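Enquirer: Next comes the sequence, and after it the predicted model I'd like to discuss.
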Amino acid sequence: MIPPKPEPRADKVSLWKYLRLFRKDILSAQPARLYRAWMAEFRTPFFSSFLINQPDLVKTVLNMRPQDFPKSGRVGEGLRPLLGNSVFLTNGKVWERQRRIIDPAFEGGRIKDTFPAMQAAANAAVTRLEGQVGAPVEIEEVTSHAAADVIFRTLFSVPIEDEVAGKVFTEFRRYQRTQPILNLAAFLPIPRWMPRLHRLTTKKTAAAIRALITEMTARRQMEISVGLAPDDLATKIMTTPDPVTGERFTTGEMVDQVAIFFLAGHETSASALAWTLYLIAANPDIQGRIAAEVSGIDPLKMGFPDISKLKFTRDVFREALRLYPPVPMMVRETTQPETFRDRTLPIGAQVVISPWHLQRHTRLWDDPDAFRPERWQTPEGKSSAREAFVPFSSGRRVCTGASFAMAEAVILLAALVSRFRFSTVPGKVPVPEAHLTVRARDGIWLQVADRESGQD
Ligand code: HEM
C-alpha cells in the first residue's frame, strides 16, 4: 500500500509561483527531483538555500562539524515570541550550558521514572476514546490531547484536566493554527523585514502561553524551595546544577525550556501517533499483528521492561516516522565558505536537511513510498536507516526527547490497539501538509470500534 504523499510540483516554476505554492504548503511546493537528487540549490534574491540529501554531507553537518553549522537565525524568527531563548533556538556556549542541565533529566534511568505517568496518560486516552466508539473520529485531536497529557504529567505531575494545564493546551492549539511553519523560514524567499501573515495573533497567543507557563514554573520554584516538590522532570531540571558552573536555571530560563518541551514534545508526538494510527487503520493486517503482540501483556498494567517486548509495534512507529517525519526539515547556516559537491556555499547560506526527502529518497531506500514495517528487520532496511533516517536529527543536537518519545509511542499504541480497532473512513484520505509539524490538511478521520466486537 502506498500511503498518501503530496503531489510534488513540476521541476521548473518561476520564483513567484514557487512563493505562492510555498505559502500553501511547503511539502507540495518542492520539486519532484528532490526525491532523487543528492543536493539542490534554491537561489532567491535575498539568500541561497542548499538542500542536502547526500548521507556523508548530512553527517558532516549534523555529526562531524556541528559547530560550523549552527542553527539558522531565520528559524527563530517566528518562534522566538513563544520560545524565548530556549534550547531549540540557541547556539554556542548558551546552548551547551542548557543541554548540560537538561540532558540528565532525559537519560535512560529517568525515562523509566516517567513510565507510570505515561501509562496513566495512556489509560486516560483510552477512557476518553471510549466515549467516541462508533462515530468517525478526528484522530489528530485525540493524539494531541493524549500527547499533551503525557507532557503535563511527566513534567509537572498534573493531568490535562488541571485548570492551568488545560488552558495551556487550548492556547497551544490556537498557536498551531496561526503559526503555519516550524523551522522553514530558510526556504521562504522573502526578506526578513516583510510583515508575516498572522504575526499579531501569533504574538498574542505566544504571550498568553508564556504567562501560563510562568505561573506553573514559579509555583514549582516555590514548592522546591519549601521541599514539597514532586519528583518529576520539572523538579529534576530545576534542581540540576550546571556541572561546569554550578548554577541552576533561573525561573525565566526555565520558562523558555518548558515552552519548548510543550511545543516539541506534544506537537511532534501527536503528529507521529496520528499518522501511525492512520497507517494501521489502512493496513488491518499490520494492526492485527500489533494487537497480537500486545495481547501477551496487559498494556494498561504493563511494566517498563515490557516496552522492549513490543518490537513490532516499535517498528511500525519507526516506519510511520520515516514516512511522516513530524519535523520535515531542519535548517542550519554556514559560518565559513564550504564546498559541497563542487559547489561553493557562501557564508550565511542556509543548509536544509530534509528528513521528509531523505527518508523517501529513491536512491537510499527500497520501495521508499511504501508502508513496510518489516523493512526494519532486514539488512537492507537497517543499512538505509543508518544512512538516511533522522526523524530526531542526529549528533550532539539530537532531539532531547527521542527516547522519551519512542517509549511514549509504544505505550500509547499498545493501550489504544489492545482496546480499539481503527479503520479508515471511506472518501477521507488525509493529505499531508507541513504546519507546525506534518499534519493532514483536513484532519485524519478514523472509525473507532471496540476490539472485542470484531474479527482481526
Ligand atoms: C515523535 C516525537 C518527536 C520528534 C519526531 C522530534 C524531533 C525533533 C527534531 C528533528 C529535533 C531537531 C530540530 C532541529 O535541529 O532543527 C528536535 C529537537 C528537540 N526536541 Fe524533539 N522530537 C520529538 C519529541 C520530543 C519530546 C517528547 C521532547 C521533550 C519532552 C522533545 C524535545 C526537543 C528539544 C528540547 C529539542 C531541541 C534540542 C536542541 O536543539 O539541542 N522532542 N526534536
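Expert: Perfect, I can see it now.
Enquirer: now the nearest residue to residue 447 once chain neighbours are set aside: how far from residue 429?
Expert: Nearest residue to residue 447 in three dimensions, chain neighbours excluded: residue 423, at 4.6 Å (Cβ to Cβ, 6 or more residues apart in numbering). Every C-beta, even on glycine, is put in place using the N, C-alpha and C of the backbone. Residue 423 sits 13 Å away from residue 429, going by Cβ to Cβ, to the nearest Å.
Enquirer: tell me the contacts of residue 203?
Expert: residue 81 (Cβ atoms under 8 Å, 6 or more residues apart in numbering).
Enquirer: Which pLDDT value goes with it?
Expert: With respect to pLDDT, residue 203 scores 81.
Enquirer: so residue 242 makes contact with residue 99?
Expert: No: between residue 242 and residue 99 there is no contact under Cβ atoms under 8 Å: 10.0 Å.
Enquirer: follow-up on the earlier one: please identify which helix or strand holds the residue nearest to residue 447.
Expert: Counting by DSSP states H and E, the element that carries residue 423 is strand 420-424.
Enquirer: The helix or strand just after that strand - what's its average pLDDT?
Expert: As assigned by DSSP H and E, the chain's next helix or strand after strand 420-424 is strand 432-434. Per-region confidence: strand 432-434 scores 88 on mean pLDDT.
Enquirer: which residues touch whichever helix or strand comes after strand 432-434?
Expert: Note on strand 432-434: by DSSP H and E, the next helix or strand toward the C-terminus is strand 438-440. By Cβ under 8 Å, 6+ apart, the surrounding residues in contact with strand 438-440 are 27, 140, 271, 274-275, 278, 324-326, 328, 356, 430-433.
Enquirer: As a check, name the ranges of all strands in the stretch 251-400 of the chain.
Expert: With DSSP state E, counting those that start in this stretch as the criterion, the stretch 251-400 of the chain has strands at 330-333, 338-340, 343-345, 350-353.
Enquirer: Got the confidence number for whatever residue of the chain ends up closest to the ligand?
Expert: Residue nearest to the ligand within the chain (Cβ to the nearest ligand atom): residue 401, separated by 2.2 Å. Residue 401 is assigned 95 on the pLDDT scale.
Enquirer: just checking, it touches residue 107?
Expert: No: applying Cβ under 8 Å as the test, residue 401 and residue 107 come out as separate, 11.9 Å apart.
Enquirer: Which residues of this structure lie near the ligand?
Expert: By Cβ under 6 Å from any ligand atom, the residues of the chain that approach the ligand are 87-88, 99, 183, 260-261, 264-265, 268-269, 272, 326-327, 330, 391-393, 397, 399-401, 404-405.
Enquirer: Quick test: name the residue nearest the centre of the protein.
Expert: residue 268 (2.7 Å; Cα atoms, centre = their mean).
Enquirer: who's in contact with that residue?
Expert: 326, 327, 405, 437.
Enquirer: Surely the second one is in contact with residue 390?
Expert: No: assessed by Cβ under 8 Å, residue 327 is found out of contact with residue 390, at 9.4 Å.
Enquirer: Now the common contact residues for these two.
Expert: Residues touching both residue 327 and residue 390 (Cβ under 8 Å, 6+ apart) are residue 355.
Enquirer: tally of neighbours for residue 336?
Expert: 9 (other Cβ atoms under 10 Å).
Enquirer: pLDDT wise, what is it at?
Expert: Reported pLDDT for residue 336: 97.
Enquirer: and residue 31, how many neighbours does it have?
Expert: 16.
Enquirer: phi, psi of it?
Expert: Backbone torsions for residue 31, taken as degrees, to the nearest 10, come to phi -70, psi 150.
Enquirer: gap between the biggest helix by length in the chain and the chain center?
Expert: The longest helix of the chain (DSSP state H) is helix 199-225. Chain-centre distance of helix 199-225: 22 Å, with Cα atoms, centre = their mean, to the nearest Å.
Enquirer: Could you point out the helix or strand that follows it?
Expert: Assigned by DSSP H and E, the successor of helix 199-225 is helix 233-239.
Enquirer: Buried residues in that following helix, which are they?
Expert: Counting neighbours by 16 or more other Cβ atoms under 10 Å, one finds that the buried residues in helix 233-239 are 233, 234, 235, 236, 237, 238.
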